[in-house]
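Undergrad: Pasting a predicted model and its sequence here:
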There are 2 protein chains.
Amino acid sequence: MAAPSSSTCDGAMARSFRERVPPLLTDLYQFTMAYAYWRAGRHQEPAVFELFFRDNPFGGGFSLFAGLDDCLLFLRSFRFTDEDVEFLCSVLPATTDPAFFQFLRGLDCSGVTLRSVPEGTVVFARVPLMEVAGPLAVVQLLETSLLCLVNYASLVCSNAARFRLAAGPQRKLLELGLRRAQGPDGGLTASRYTHIGGFDLTSNVQAGFLFGIPVAGTMAHSYVTSFNSLEEVWPRTLAAADGDLDPVDFISLTKGWLSRVCEIVGAEPAKIREGELAAFLSYAIAYPNNFLPVIDSYSVGCGLLNFCAVALALCELGHRPVGVRLDSGDLCRQSVSVRGVFRLCSQHFSVPDFNSLIIVGTNNISEQSMIELNGKENEIDVVGVGTHLVTCTKQPSLGCVYKLVEVRGKPRMKISEDPEKSTVPGRKAVYRLLDAEGHPFLDLVCLAVEPPPEPGVPLSCYPMGAQTSSVSVTPAQVRSLYLEAFTTGQVSHPLSSAAETRAKVQTSLQTLHPRHKRLQDPESYTVALSERLQNLVSELRRGSSNNSNFLLSN
Amino acid sequence: MAAPSSSTCDGAMARSFRERVPPLLTDLYQFTMAYAYWRAGRHQEPAVFELFFRDNPFGGGFSLFAGLDDCLLFLRSFRFTDEDVEFLCSVLPATTDPAFFQFLRGLDCSGVTLRSVPEGTVVFARVPLMEVAGPLAVVQLLETSLLCLVNYASLVCSNAARFRLAAGPQRKLLELGLRRAQGPDGGLTASRYTHIGGFDLTSNVQAGFLFGIPVAGTMAHSYVTSFNSLEEVWPRTLAAADGDLDPVDFISLTKGWLSRVCEIVGAEPAKIREGELAAFLSYAIAYPNNFLPVIDSYSVGCGLLNFCAVALALCELGHRPVGVRLDSGDLCRQSVSVRGVFRLCSQHFSVPDFNSLIIVGTNNISEQSMIELNGKENEIDVVGVGTHLVTCTKQPSLGCVYKLVEVRGKPRMKISEDPEKSTVPGRKAVYRLLDAEGHPFLDLVCLAVEPPPEPGVPLSCYPMGAQTSSVSVTPAQVRSLYLEAFTTGQVSHPLSSAAETRAKVQTSLQTLHPRHKRLQDPESYTVALSERLQNLVSELRRGSSNNSNFLLSN
């Protein structure tokens, strides 16, 4: 069923696919603002933006951060073509100074520095995930594209991680959402980031081609219903696996097995659908070692008997059938019955290969139905998930924002009437504090200029969301969360393949304490400001309520 | 604020963007099934698939059909490259006959015929939207890509149409969902199809570039918070619109207006934020005829005074400010207050241009909040919608399916234990029956070989979903729903620009009776089978329950 693809890390074609984000893929207001900065001579002022989200998705206790590598590829290739600039000329107001378009023609990201949490890290609401520093006009222009690249990647990756947690570590997970995604490339993005989030396989061949994700597939109902009678089976013979003997009449062989199977399960052969048997025979003759049909096109009872007959005939010839797919009804109950018949066949006919047949379940699986499935007796080895995975039904957007925190070396802060919408000023460092068992328990957001916290040394900090009370904590270990990912026009951290990032995700999730990663009612993880940062916030709030940046009446 | 883009219909770049769906963008099982057909010598058998959905989205009474043109471009360019075939070699089982790959290398859609409902038509659940006829292996391979291209396009287009119905015909609608879409091209697909569904404008510049959609933008909070004092405003002068006089000190001019505005509304100038005023001044000097700032970065009260002062100064110089954006809180209430102040200024200072200022509202607008907004007193001229529009929060997938209805000229039917999942066999024609007022009231699904119904002549038919009782109806007019869109490798129907399809959508929606298009609890529209088709269904069901295609015991 599963076919590992030949390439093991992202090659040139994948990069070319991911690099194709044009600089016009942004909101118009980025250009009008860039022009206003340019006109005011402020476009080269050093500015710093931060990217973060305000709530963990899906009501959960964590998120995964993904999309960084796509952002780096975007920054590296950020340049306006002549056509881009001509188009901008046509949409910006006619009064726009032509020299601005000349400025755009020469623009690139050579002045931009990106510091970031690494791709595939477990992250929490309100922690700055990326810091984008550079000339004001340039870093403003990057906003929408960076948000677009991080938002869905992180969301669908987190969704996949939740499905993985719900499914347990053993069960194989197959993504098959292409037909329900937001168009062709929505589908490719979904395949990439659900694999990174913990899915094993994808049905999307192009995703296998571009990203090296193992691809897998079974059979559709249309294949089954396209057959009507055994007359349509051709060739009608199959050779044994060892190839020593002449090919045998595979239809007769299977019919013999069908009678025996019907006998041991007490079924009537006359209830068997000939079209379905013809479809199974035909497929098995084409792929004697990859036989994995969908068995509920008519009824599971009928499909199971047809499968067993064909699979026993394959085994008799030394081939290895793979298993079955169930696509409707109560998957758990059906899988238990199906497994029972497999065991019966294995014992009765002494066919040990029947003990390793796999059962694939697909039927509009949601996170909730995955949890329920996992809680019930069942024999499902592989679960296929489409719609609810790729569209993130439970919460279809993450809501990352991109906020200005510093201009010309001075901290900037948006002080909103809604405290949730206020921002935290200044350039920062983020440290993850671990307890003695190695579990992260607090993310400390500091000013970049502060010394890092030291293991074993108590520190006082201010949990975000809480009012102004400080807490004292003593980390057993301290990890800096940021890496410098892009500087002077170059990607300064090696890009990872989907497989490498996937491994990082699992490692990052493993260290998280179960109380933070449980899917329902997780315990809230603490994100706190350092004392110095808290003081800066208070100072700017005070400054805002006295007259310092209000207009003095003239 | 709005800038119509220069191109009025989709050009070569748009087609090239939309043609880039590779033939590997499909599920692996399409290839394993295609191989099994090829191996059985059935790959050239003429087969017919139908594409349809089972339930109207969003609990509504209708859907829009979109994505056809993308499907046509996909069919036209459907060809495997050497790299594609090499990759398939690496993922299909090693026993796959090499001649199959040779067969793939020569494959194209020259044998495929597509009949379809036209792009942008109002459609209903269970009506076949597309009929894809051609060699069995080829039409099987097309399944996932066609579903992917139709599903999201139709869904988001229908969602946009519902927002348009909720907003009423006059209010302008601006799509700004790029940052929340499924990656870059999810965003482009969203911009295109929400425009087609009834949105007027998009913030997505690349969508303007590729599809000729008018682009629009305002200003972000970061622009406002990046300014701290009037020192940062440069240049500090502005010339009058007629250019006759020397530029004047625009800051002093505005400060004068600020005092007067504060006086008439009874506000204290000392409460004015200097940074916000600096941001507004700077933007207005850059774009004196395109001034549309966001006014709630600190508080609407403060932002409104700053706006009025700058706008009055612009008016004094003969420029025309555009309006304001509100981005938080109770948009309706705020817009009424804002409009009141605009009227006051207009009267008090005799500035008629203040009567045509526009108010843009953006704040996580959903279909429900749009309905509420429309029901309340408000003065919002333009509503911007992002997340809920592009992610289709209320139902993030449409669920189109692709089912086999005929092989070798013989009707095929999936007879499921779940009656909802049974299919309707045979090649069909679909007629839309209109009443004397010109409203559609019934879609009649017939066999393709049947003569069309005649206006004024009663006919008997079987509503789907109902058991077996027939109804008699007399259409005043009859319209055939299908057109032949693709044949012998060529697109046989002219492709439309986004603007043309958008116009068709509105026409198609206008004829729909209000009872079917109301957003909540719509009356169900009837889709019925002709007597001959109903007889065929009964016959195949009977055939299925006698022994005709069951296996006779041997």
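TA: Here it is on my side, so go on. Numbers count the residues shown, from 1 in each chain, chains lettered A, B, ... in the order given.

Undergrad: Would you mind listing where the stretch 301-450 of chain A has pLDDT under the threshold?
TA: A:417 (pLDDT under 70).

Undergrad: near chain B, which residues of it?
TA: A:328-329, A:387, A:390-393, A:396-400, A:402-404, A:407, A:410, A:412-418, A:421 (C-beta under 8 Å from any C-beta of the partner chain). Where C-beta positions appear, they are placed from N, C-alpha and C, glycine not excepted.

Undergrad: Do a quick rundown of the strands in the stretch 201-350 of chain A.
TA: Applying DSSP state E, counting those that start in this stretch to the stretch 201-350 of chain A gives strands spanning A:201-202, A:215-216, A:237-238, A:248-249, A:323-326.

Undergrad: Give the other helices and strands that the first one contacts.
TA: Counting contacts by 3 or more C-beta pairs under 8 Å, 6 or more residues apart in numbering or on different chains; DSSP states H and E, strand A:201-202 is packed against strand A:172-175, helix A:183-197, strand A:215-216.

Undergrad: can you rerun that using 10 Å?
TA: strand A:172-175, helix A:183-197, helix A:205-211, strand A:215-216 (3 or more C-beta pairs under 10 Å, 6 or more residues apart in numbering or on different chains; DSSP states H and E).

Undergrad: closest one to residue A:81 among the ones you listed?
TA: Closest of these to residue A:81 is helix A:183-197, at 20.3 Å (criterion: C-beta to C-beta).

Undergrad: can you give me the strands for the stretch 1-150 of chain A?
TA: A:2-3, A:46-52, A:63-65, A:113-116, A:121-123, A:130-135.

Undergrad: Would you format those as CSV with mean neighbour count included?
TA: Shown next, in CSV, are the strands of the stretch 1-150 of chain A (neighbours: other C-beta atoms under 10 Å in any protein chain shown):
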stretch, mean neighbour count
strand A:2-3, 20
strand A:46-52, 23
strand A:63-65, 28
strand A:113-116, 24
strand A:121-123, 25
strand A:130-135, 23
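
Undergrad: Figure out which of these is closest to residue B:117.
TA: That would be strand A:2-3 among the strands of the stretch 1-150 of chain A, by C-beta to C-beta, at 37.0 Å.

Undergrad: With adjacent residues omitted, what lies nearest to residue A:487?
TA: residue A:113 (4.7 Å; C-beta to C-beta, 6 or more residues apart in numbering or on different chains).

Undergrad: Show the pLDDT at that neighbour.
TA: Among the per-residue scores, residue A:113 holds a pLDDT of 98.

Undergrad: same check, this time on residue A:298
TA: 88.

Undergrad: Just give me the neighbour total for residue A:527.
TA: Counted with other C-beta atoms under 10 Å in any protein chain shown, residues neighbouring residue A:527 total 20.

Undergrad: Which residues does it form beta bridges with?
TA: Note on residue A:527: beta-bridge partners residue A:443, judged by DSSP bridges.

Undergrad: tell me the contacts of it?
TA: A:52, A:123-127, A:430, A:442-445, A:461, A:463-465 (C-beta atoms under 10 Å, 6 or more residues apart in numbering or on different chains).

Undergrad: Now a ChimeraX select for only the buried ones of these.
TA: Entered in ChimeraX, the line below selects the buried ones among the contacts of residue A:527, by 16 or more other C-beta atoms under 10 Å in any protein chain shown:
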select /A:52,123,124,125,126,127,430,442,443,444,445,461,463,464
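
Undergrad: Closest one to chain B out of the contacts of residue A:527, please.
TA: Closest approach to chain B among the contacts of residue A:527 (C-beta to the nearest C-beta): residue A:52, at 13.5 Å.

Undergrad: State whether residue A:152 and residue A:396 are indeed in contact, as I suppose.
TA: Yes - Residue A:152 is within contact range of residue A:396, at 9.1 Å (criterion: C-beta atoms under 10 Å).

Undergrad: Those two: who's more crowded?
TA: Using other C-beta under 10 Å as the criterion, residue A:152 and residue A:396 rank with residue A:152 on top: 33 against 27.

Undergrad: one step back: now mean neighbour count too, for the strands of the stretch 201-350 of chain A, in JSON lines please.
TA: As requested, these are exported to JSON lines (neighbours: other C-beta under 10 Å):
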{"stretch": "strand A:201-202", "mean neighbour count": "28"}
{"stretch": "strand A:215-216", "mean neighbour count": "28"}
{"stretch": "strand A:237-238", "mean neighbour count": "18"}
{"stretch": "strand A:248-249", "mean neighbour count": "14"}
{"stretch": "strand A:323-326", "mean neighbour count": "24"}
